[in-house]
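Peer 1: Here's a sequence, model it:
(4 chains)
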2 protein chains.
Amino acid sequence: MRLNKLDERIVHALAEDARRSFADIGSEVGLSAPAVKRRVDRLRAEGAITGFTVRVDPAALGWETEGFVEIYCRHKTSPEDIRRGLSRYPEVVSASTVTGDADALVQVFASDMRHFERVLEQIAGEPYVERTKSVLVLSPLLRRFSSGAPG
Amino acid sequence: MRLNKLDERIVHALAEDARRSFADIGSEVGLSAPAVKRRVDRLRAEGAITGFTVRVDPAALGWETEGFVEIYCRHKTSPEDIRRGLSRYPEVVSASTVTGDADALVQVFASDMRHFERVLEQIAGEPYVERTKSVLVLSPLLRRFSSGAPG
DNA sequence: CCTGAAAGTGCGTAGAT
DNA sequence: ATCTACGCACTTTCAGG
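Peer 2: Numbering: from 1, shown residues only, chains lettered A, B, ... in the order given. Next up is the predicted model:
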């Protein structure tokens, strides 16, 4: 699954504005509208593009408090166990297993500090969780990226 | 900047698939197509919706290596200084100032370990950076969210 | 290139303040 | 009485074949 320069430029254009017309993107990268469409279709079929979504201001949706939680797990906890456990929290927007002392790094959005604390306590109370360590986001500096699947 | 239930449902529908037609969304939430469009326009004008973007599989774009870098800054470094400095790296996809020992937490995507190491060294060499501490992502468990502005 | 569908716009109306 | 949001009808633009 390789992407050439043209594909990258198309993806880049869509990343900035997924509502731009194929013709518009085509005029930028030097292709006709149908040519762009065919490439986008191919990228979707290959899984390089997994969907289209909206960029949202968390505060406008009432998610005023953001933080990262490191999770230290008990022995014999599989990544799948962690994923299943965390997926039940709508406040968890991303999670990955990581190198280093902690087992997983989890990004959490909450409506306020009280809400964040409650989520943190719930996560810390999960059977597979030994302990947690968290930092709060003071101010977001950059957000550029969107990846993965909904759910 | 208030969002009612209807707005939330529209945003949720767009978050799952930003390419759905207004008529389609309208039939789900009980509005006509123009009514949905006007709400989306209003949400964009208010800044609740900051744009439309594409969901991408990092690996398909050649970003096989992901990591989080904690940055410890020299005194008298403003968040804006950090933002400006980091925005020059295409590999940096998100960055926030945080509580705790570190000053900022930065998410980095690189093509491979060599690339990641090079970026890490470059960031560590920035004048405002005292030292860094990084963890590598082993496997992504969840990705749900998209926010913020292109940059 | 051609057709159908969707976006976008003007207007009249109804309900809320 | 005014403001806001709706639906309908219409034109323009785009998607998809």
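Peer 1: Tabulate the CA atom coordinates of stretch A:60-80 in CSV.
Peer 2: Output of stretch A:60-80 as CSV, limited to C-alpha atoms (Å, rounded to 0.1, in the frame of the first residue of the first chain):
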residue,chain,number,x,y,z
ALA,A,60,-17.9,24.3,22.2
LEU,A,61,-19.1,20.8,22.9
GLY,A,62,-18.6,21.3,26.6
TRP,A,63,-15.4,19.4,26.8
GLU,A,64,-13.4,22.0,28.7
THR,A,65,-11.0,19.8,30.6
GLU,A,66,-8.4,17.6,28.8
GLY,A,67,-5.8,15.4,30.3
PHE,A,68,-3.4,12.4,29.6
VAL,A,69,-3.5,9.4,31.9
GLU,A,70,-0.7,6.9,32.1
ILE,A,71,-2.0,3.5,33.1
TYR,A,72,0.1,0.9,35.0
CYS,A,73,-1.5,-2.5,34.7
ARG,A,74,-1.4,-5.7,36.7
HIS,A,75,0.6,-8.5,35.2
LYS,A,76,-1.0,-10.6,32.4
THR,A,77,-3.2,-7.8,31.1
SER,A,78,-3.4,-7.9,27.3
PRO,A,79,-3.7,-4.8,25.1
GLU,A,80,-7.1,-6.1,24.1
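Peer 1: Any idea how far it is from the middle of the chain?
Peer 2: Stretch A:60-80 sits 13 Å away from the centroid of its parent chain (C-alpha atoms, centre = their mean, to the nearest Å).
Peer 1: Contacts only, for the residue lying farthest from the centre of chain A.
Peer 2: No residue in chain A has its C-alpha farther from the mean C-alpha position than residue A:32, which lies at 31.8 Å (C-alpha atoms, centre = their mean). Residues in contact with residue A:32 (C-beta atoms under 8 Å, 6 or more residues apart in numbering or on different chains) are A:23, A:26. C-beta here means a position set from N, CA and C on the backbone, and glycine is covered the same way.
Peer 1: wait, does the lowest-mean-pLDDT helix or strand in chain A contact DNA strand D?
Peer 2: Per-element confidence for chain A was summarised using mean pLDDT, DSSP states H and E. The lowest value among helices and strands belongs to helix A:5-16, with a mean of 91. No. In terms of C-beta under 7 Å from any atom of the strand, no part of helix A:5-16 sits within range of DNA strand D; the closest distance is 10.5 Å.
Peer 1: could you check the angle helix A:5-16 makes with whichever helix or strand comes after that helix?
Peer 2: Of the helices and strands lying after helix A:5-16 in sequence (DSSP states H and E), the nearest is helix A:22-29. Orientation of helix A:22-29 against helix A:5-16 (axes from the mean of the first three to the mean of the last three C-alpha atoms, to 10 degrees) gives an angle of 130 degrees.
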